[in-house]
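Q: With the input below, show me the fold.
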Amino acid sequence: MQSAEDAEVSEWAEGAHRNAVSLAAMFGLTSERYSKDPLVLLPGLQNYVDRLPLDEFEQSDWITLHTDLTSYLGDLLVLQHGAAWRKLADQSSPIGYRYVIEVEGLDGCAYSVEPYDVVMEEFENPPIEIGRMIANAEAVLHVTPNVG
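A: The predicted structure follows:
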């Protein structure tokens with residue numbers, strides 16, 4: 001039997017996926033095509049973000065963009081790397097918890113990242129680069145080879 005917390009996390013993950021699929025549909029991609037390879041959305045999404053009048057954004061515009069990019073990033077990590085959403089207690093958060101993505105890295109250890117924070121970091125270091133955002137999350141999760 002699924003616990004209330006597990007049900008809440010499942011609902012969160014499904015909402016992120018639905019939002020990402022809606023973004024993909026906005027760019028003419030089917031749910032199946034997006035789910036098979038979420039990176040197919042990257043070029044269109046980057047072009048879209050590049051053309052946004054960010055200097056004219058109201059707070060609600062920033063919230064919408066943040067939600068969309070957080071959903072896409074989290075969903076991509078789930079689809080590409082077999083990651084899973086988790087609810088993590090955090091007393092420093094206004095709501096007492098955070099939703100994070102957790103996955104086993106290439107070294108066999110478990111890692112987590114909060115997509116919300118990764119997107120916020122992009123906002124603080126313009127221009128917003130979707131590929132960099134993904135790479136930053138993947139580096140934290142240790143899911144790509146460390147070449148160097």
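
Q: residue contacts, residue 99?
A: 9, 12, 74, 85-88, 114-116 (CB atoms under 8 Å, 6 or more residues apart in numbering). Where you see a C-beta, it was placed from the backbone N, CA and C, and this is true even at glycine.

Q: Is it possible to get JSON lines of those residues that adds neighbour count and secondary structure?
A: Listed next are these as JSON lines, based on neighbours: other CB atoms under 10 Å; DSSP: H, G, I helix; E, B strand; the rest coil:
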{"residue": "9", "neighbour count": "17", "secondary structure": "helix"}
{"residue": "12", "neighbour count": "16", "secondary structure": "helix"}
{"residue": "74", "neighbour count": "29", "secondary structure": "helix"}
{"residue": "85", "neighbour count": "23", "secondary structure": "strand"}
{"residue": "86", "neighbour count": "18", "secondary structure": "strand"}
{"residue": "87", "neighbour count": "14", "secondary structure": "strand"}
{"residue": "88", "neighbour count": "12", "secondary structure": "strand"}
{"residue": "114", "neighbour count": "19", "secondary structure": "coil"}
{"residue": "115", "neighbour count": "25", "secondary structure": "helix"}
{"residue": "116", "neighbour count": "18", "secondary structure": "helix"}
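
Q: Please produce TSV containing those, extended by distance to residue 37 and pLDDT.
A: Formatted as TSV, the contacts of residue 99 follow (distance: CB to CB, whole Å; pLDDT from 0 to 100):
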residue	distance to residue 37	pLDDT
9	25	94
12	23	94
74	16	98
85	20	97
86	24	96
87	28	95
88	29	92
114	24	96
115	19	97
116	24	95
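
Q: which stretches of this structure form helices?
A: 4-26, 31-36, 42-51, 59-81, 115-124, 130-141 (DSSP state H).
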